[in-house]
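Asker: Structure here, sequence nowhere to be found:
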């Protein structure tokens, strides 16, 4: 009898462990779904929602986080706290990440403008930290600033733990994933498109990262509407690499989905990816003077993300123009 009871107890424990593992696995993949966790589109001028599907489901924004970083920097500049041309000296907080980065080290210099290019084109995680420290004096203070701004925008289901969207890990001081929803990210997107300067950065397809004697600078080589041009290199400088925008929809619209005449309508805003949270994008574009914004979070792949985002933007622009 005792043997049977012992065996039953073992089986119960095993079942409980399997059930717990199943729950953990389900929780792990809940932020990454097919075709996506949540999606939403809206008229940029009025904020009127056009399509909403799972827009209040929790998702991991990954590098889409950098849009909040950019918004705060643009607002700082508008408030006169510093200028686009001001030079930022990197602090020890700016460490090389294991993902996208430009490689700026402590003591090296880069302008606010060029850090914004690195942030929005290359999705540079070190640029996000450098800009955050420039804005608030420390990484921790900037994260608090991000959450305050999110609260002011009514992003009630968003919580930031870092300025770049990287997952928690041994290399980083934060212990949790940034979390948000498509509905919350729409509020952020509608706010940032009010700053026309953002498109100077989000519409860039490629730019050269140039090493200077004291740091780095950026030379734009192609935007959505402008052809390539050679970077001007002076003595002591060299091109380190060409940065390419992760937003594929800026680069190709062969099926002429966004505009029937083949012109490119998309000019931003930001993509993101981490294993735990899948592929995400905040996409915007205009047609005939009307602008729409689309958010797709937690897609199972970048191809699925882009397919649905492109269609949502095309449908939104179609409904606004016609």
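Answerer: Okay, I see it. All values derive from a computational prediction rather than experimental measurement.
Asker: switch to C-alpha atoms for all contacts and neighbour counts from now on
Answerer: Fine.
Asker: Can you tell me, leaving aside adjacent residues, what's nearest to the residue most central in space within the chain?
Answerer: Taking Cα atoms, centre = their mean, the centroid of the chain lies closest to residue 64, which sits 1.9 Å from it. For residue 64, ignoring the flanking residues on the chain, the nearest one in space by Cα to Cα, 6 or more residues apart in numbering is residue 272 at 5.0 Å.
Asker: so the one you found, which of the three states?
Answerer: strand (DSSP: H, G, I helix; E, B strand; the rest coil).
Asker: for it, which residues make a bridge with it?
Answerer: Under DSSP bridges, the beta-bridge partners of residue 272 are residue 280.
Asker: got the contact list for it?
Answerer: 61, 62, 63, 64, 65, 279, 280, 281 (Cα atoms under 8 Å, 6 or more residues apart in numbering).
Asker: For burial, what's the neighbour tally of the second one?
Answerer: A count of neighbours around residue 62, defined by other Cα atoms under 10 Å, yields 29.
Asker: Number of residues surrounding the closest residue to residue 92 other than its chain neighbours?
Answerer: Excluding its sequence neighbours, the residue lying closest to residue 92 (Cα to Cα, 6+ apart) is residue 106, at 5.0 Å. By the measure other Cα under 10 Å, the count of residues near residue 106 is 15.
Asker: quick one, what contacts residue 106?
Answerer: 89, 90, 91, 92, 93, 94, 95.
Asker: wait, residue 58 sits on residue 180?
Answerer: Yes - the pair residue 58 and residue 180 passes the contact test of Cα atoms under 8 Å, sitting 5.6 Å apart.
Asker: Can you select the buried ones from the contacts of residue 106 in ChimeraX?
Answerer: Command for ChimeraX that selects the buried part of the contacts of residue 106, burial taken from 16 or more other Cα atoms under 10 Å:
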select :89,90,91,93,94,95
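Asker: mind putting the contacts of residue 106 in JSON lines, secondary structure, pLDDT and distance to residue 192 included?
Answerer: As requested, the contacts of residue 106 are exported to JSON lines (DSSP: H, G, I helix; E, B strand; the rest coil; pLDDT from 0 to 100; distance: Cα to Cα, whole Å):
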{"residue": "89", "secondary structure": "strand", "pLDDT": "96", "distance to residue 192": "26"}
{"residue": "90", "secondary structure": "coil", "pLDDT": "94", "distance to residue 192": "26"}
{"residue": "91", "secondary structure": "coil", "pLDDT": "92", "distance to residue 192": "27"}
{"residue": "92", "secondary structure": "coil", "pLDDT": "89", "distance to residue 192": "29"}
{"residue": "93", "secondary structure": "coil", "pLDDT": "83", "distance to residue 192": "26"}
{"residue": "94", "secondary structure": "coil", "pLDDT": "82", "distance to residue 192": "25"}
{"residue": "95", "secondary structure": "coil", "pLDDT": "69", "distance to residue 192": "27"}
